[in-house]
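Visitor: Attaching a predicted model along with its sequence, questions to come.
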Amino acid sequence: MNDARRLIPAAMDRFGARVHAVPADRWSAPTPCSEWSVRDLVAHMVFEHRWAPHVLAGEAMDEVGERYDGDLVGDDPVRAWDEAARLSHPAWYGGAALVHTSFGWLGVEEYAVQMLVDLTVHEWDLARGAGLDEYVDPEAVAEALAYIASDPIMLAGPGLFASAVEPRSDDPQNRLLALVGRGGSAL
């Protein structure tokens, strides 16, 4: 794989390591996603990665249906993430050429880079909300930044991100975070 799929498993592992590192008293802490606590952010990623194996196998959204609606994390967000990651991980190594998403049918490469953006930005969001080290993998940042910078629909489209802000520095991580409306890291 020469596309973003090659980066997804490691990005999932890094996100998972951060989930495991969340201090017990930080699950209800706010994140840079104004509507989400640390727990809510992990729940969002659990939802995304419970869906991933289905769409990567070529299933349409209506085939998956509502099976993942509701609270997927319960009182154990770590276990919920681990289970979602266990199911999602192997799905990235093969599967359909097209996937069905809320945006319609996409090439798997497009879906992969969108999921990498989600993992990378939310890894930083999780770190900020949980009080963890905010450094994010430079290769994932570069891939996500190149995609976000080249696709204004992702920035101005369906309200996926906050409005862009001025980056704190020219560092690629800060530029990516600024494009998706985060103040950035002290890099």
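Guide: Alright, I've got the coordinates.

Visitor: Sketch out the helices for the chain, chain order is fine.
Guide: 8-21, 38-56, 61-64, 77-88, 108-130, 138-150, 152-156, 172-179 (DSSP state H).

Visitor: any idea of the mean pLDDT for the first one?
Guide: In other words, helix 8-21. Helix 8-21 carries an average pLDDT of 98.

Visitor: how many other residues sit next to the residue lying closest to residue 165 once chain neighbours are set aside?
Guide: Using C-beta to C-beta, 6 or more residues apart in numbering and skipping the chain neighbours, the partner closest in space to residue 165 is residue 178 (5.1 Å). Where C-beta positions appear, they are placed from N, C-alpha and C, glycine not excepted. Using other C-beta atoms under 10 Å, residue 178 is surrounded by 17 other residues.

Visitor: same deal with residue 101?
Guide: Residues lying near residue 101 (other C-beta under 10 Å) number 15.

Visitor: Let the chain start at 802 from now.
Guide: I'll keep to 802 as the first residue from here, and by that count the last item is residue 902.

Visitor: any idea how far residue 976 is from residue 949?
Guide: Distance, residue 976 to residue 949, by C-beta to C-beta, to the nearest Å: 9 Å.

Visitor: neighbour-wise, which of these two wins?
Guide: Neighbours per residue (other C-beta under 10 Å) separate residue 976 from residue 949, with residue 949 holding more: 22 against 18.

Visitor: Can you find the helix or strand of the protein with the lowest average pLDDT?
Guide: Using mean pLDDT, DSSP states H and E, the weakest-scoring helix or strand in the chain turns out to be helix 953-957, at a mean of 58.
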